[in-house]
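Engineer: Got a sequence here, can you build the structure:
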Amino acid sequence: MYELHLTNFGTAPLSLRSIEVLDADATPAHTTVTFGPEQLEAMLQPLGGKALSGPKDRLVIADGQSAIAFMSVTFDRSSHIPDRLLHRVSTVDSAVEGAVIATHRTQLHVLGPPVDGANWLAEDGPSNDQDNHHRRGVVILDGRPVDSRRFAIDWKQVAAGASFSGDARDVGSYYSYRKAVLAVDDGLVITARDGLPDNIPGHGESFHSAVPISLETVAGNTITLDLGGGQFAYYMHLQSGSLRVKAGDRVRRGQLIGRIGASGDAREPHLHFEVTTSSKLLAGEGVPYLIDSYRLATADGGNGELHTHELPLDHSLVTFGEDHK
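Structural biologist: Numbers count the residues shown, from 1 in each chain. Model prediction:
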């Protein structure tokens with residue numbers, strides 16, 4: 001998963017017809033996948049506040065305008081994955097090739113789970129859906145676009161499909177609230193911010209944050225771990241007063257480091273977890289990682305097949321810590 005940033009430097013609108021992803025090292029370049037108009041309607045996000053009257057408007061990049069194509073290229077396990085990908089962007093009357101990217105950059109970290117137990121919902125986990133606010137979470141920091149949330153997951157504990165029982169305005173009604181947060185690997189604590197209060201849960205117009213939301217408060221109470229290799233794990237929206245570590249501490253995998261809260265920009269208690277390439281909040285690129293083991297829930301609510309060295313996708317219902325069953 002990655003993004004293509006497209007800008008029309010011409011004086012007339014351009015209507016996109018397709019984006020082809022090619023093996024850049026093949027001779028001639030071999031097409032891996034082609035995204036047509038219907039797919040592009042769901043992948044393209046115009047910039048600059050352009051008013052859209054319908055999905056097809058996303059295919060038109062006006063003169064002087066830009067758009068982001070949110071790319072997700074899927075390979076079978078047995079398929080050859082090219083070392084480099086080349087892109088051919090076609091409009092109604094022209095085509096251009098460029099934007100070569102590498103596919104093998106770093107060794108993926110194999111991490112322990114950030115929470116423990118059963119019935120953890122990977123909300124807004126890895127996917128390319130239009131309504132996934134993590135996947136579409138591109139922001140401009142230090143003069144450049146970044147997406148630290150590209151592979152982020154909001155972990156919520158649920159029962160019978162609900163995240164709470166009782167008063168929806170009481171944080172204590174939520175199954176996730178005050179649940180243990182664990183170190184996903186041995187590492188150095190870079191940041192440990194505490195002291196921000198929990199919000200009263202609410203969605204839409206009923207949400208009113210306990211403190212004004214800014215770049216300083218959006219993540220709430222936060223712990224950042226240096227995983228090594230230029231990668232950092234972020235835990236956000238922790239409960240005030242629950243942090244068990246401070247900056248400079250070294251932690252061990254599985255160690256209790258805090259508890260889930262509803263601080264910062266949290267509509268209800270949950271753990272926002274992500275791995276990025278920067279020790280500065282939101283400034284790094286979100287990178288994938290692997291969880292050492294977990295089980296996916298079956299249709300009847302039981303624990304299904306054991307998954308090892310994988311990353312749960314959006315809306316997966318996961319059990320951690322029961323590998324022996």
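Engineer: Quick one: the strands in the stretch 151-300 of the chain, in order.
Structural biologist: 153-157, 180-182, 187-193, 221-228, 231-238, 250-251, 256-259, 271-276, 290-297 (DSSP state E, counting those that start in this stretch).
Engineer: Pipe those into CSV and attach distance to Val115 per row.
Structural biologist: Glycine gets a C-beta too; all of them are placed from N, C-alpha and C. Converted to CSV, these look like this (distance: least, C-beta to C-beta, whole Å):
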stretch, distance to Val115
strand 153-157, 5
strand 180-182, 7
strand 187-193, 17
strand 221-228, 13
strand 231-238, 10
strand 250-251, 15
strand 256-259, 10
strand 271-276, 6
strand 290-297, 10
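Engineer: Indicate which one of these is closest to Ser15.
Structural biologist: Nearest of the strands of the stretch 151-300 of the chain to Ser15, taken as C-beta to C-beta: strand 271-276 at 35.2 Å.
Engineer: Leu4 is nearest to which of the strands of the stretch 151-300 of the chain?
Structural biologist: strand 271-276 (20.2 Å).
Engineer: buried stuff in the closest one?
Structural biologist: Applying a neighbour-count criterion of 16 or more other C-beta atoms under 10 Å, one finds Leu271, His272, Phe273, Glu274, Val275, Thr276 buried in strand 271-276.
Engineer: now the strands of the stretch 151-300 of the chain as a markdown table including distance to Gly64 and mean pLDDT?
Structural biologist: Conversion of those to a markdown table gives the following (distance: least, C-beta to C-beta, whole Å; pLDDT from 0 to 100):
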| stretch | distance to Gly64 | mean pLDDT |
| --- | --- | --- |
| strand 153-157 | 36 | 97 |
| strand 180-182 | 46 | 98 |
| strand 187-193 | 40 | 97 |
| strand 221-228 | 38 | 97 |
| strand 231-238 | 36 | 98 |
| strand 250-251 | 49 | 98 |
| strand 256-259 | 47 | 98 |
| strand 271-276 | 32 | 98 |
| strand 290-297 | 42 | 94 |
